[in-house]
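> Dropping the sequence and predicted coords here.
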Amino acid sequence: MNTVSLHSEEKSIHIQIVDSMPEVVALLEDNIKHKTKSLHTSILGKLNISETKKHQLEAIIDKQKQTWKRILKSQPNFNYHNTAEVGILFSVGPISKILANKVNGKAIAELSNGIYGVLRGLGASEFQAASYIKALQNDRFIIIQRESLEGIDKKHFSRLYKY
C-alpha cells in the first residue's frame with residue numbers, strides 16, 4: 001500500500017470595499033505590479049441598468065467584458081446575475097465560477113442569500129457579509145483577494161476595509 005502526503009498551503013482571504021471604478025483600477029494595477037503567483041483577485045459590482053436599458057443588456061455586458069479585459073490585461077472570467085440582494089451583479093475573476101455553479105437549476109448568485117452565503121463561506125462574519133451586500137447595493141465594489149500566507153505583502157494590503 002502506498003501512502004501519499006498531501007500538503008495544503010494555508011490561505012488568507014482579504015475582502016475590501018472600494019468606492020469607485022478609478023480606485024478599483026488603481027488597486028488592480030498595484031496588484032499586477034506586485035503580483036505573486038499565489039494571488040487570486042475577484043471583483044463584484046452592481047450593473048446599474050434601468051428598465052429602459054434592459055433591451056441593451058447584451059451590449060452593456062460586452063462593453064463590461066472588454067473593459068475588464070483591458071484593465072486586467074487578460075481574458076477574465078466574467079459573469080453577471082440577476083440577484084435578489086443587489087439587482088444585476090457582475091463578477092470578475094475566480095469567484096465568477098463559484099457564483100455560476102447551479103443548485104437545483106439556479107446559479108448560486110441568483111439564490112436568495114446566495115451572495116451572502118458565499119461571503120460567509122469565505123470567512124466573513126454575519127455583520128461583514130451584510131456590510132458587503134449593502135456596499136454593493138450602494139454602487140460600491142467588493143474586491144476579494146486570496147493568497148497563501150507566505151506570499152502576503154502586508155504593505156500591499158494596507159488599504160483593507162476595517163470595521
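Cool, the structure landed.
> Can you show me the strands along this protein?
Ranges of strands in the chain, per DSSP state E, are 11-18, 40-46, 78-83, 87-92, 102-103, 106-107, 141-148.
> What strands flank the second one, and is each parallel or antiparallel?
Right, strand 40-46. strand 87-92 (antiparallel), strand 141-148 (antiparallel) (DSSP bridges).
> If we go by neighbour counts, what in the top helix by length along the chain is buried?
Counting by DSSP state H, the longest helix found in the chain is helix 57-72. Across helix 57-72, burial judged by 16 or more other CB atoms under 10 Å covers Ile60, Ile61, Gln64, Lys65, Trp68, Ile71, Leu72. C-beta coordinates here come from the backbone N, C-alpha and C atoms, glycine included.
> ok, now stretch 89-101?
Buried-residue list, stretch 89-101, by 16+ other CB under 10 Å: Leu89, Phe90, Ser91, Val92, Gly93, Ile95, Ser96, Ile98, Leu99, Ala100.
> repeat for stretch 113-126
Gly114, Ile115, Tyr116, Val118, Leu119, Leu122, Ala124.
> ok, the spatially closest residue to Gly93 that is not a sequence neighbour - contacts?
Excluding its sequence neighbours, the residue lying closest to Gly93 (CB to CB, 6 or more residues apart in numbering) is Ser42, at 3.3 Å. Residues counted as contacts of Ser42 (CB atoms under 8 Å, 6 or more residues apart in numbering) are Ser91, Val92, Gly93, Pro94, Ile95, Ser96, Ile143, Ile144, Gln145.
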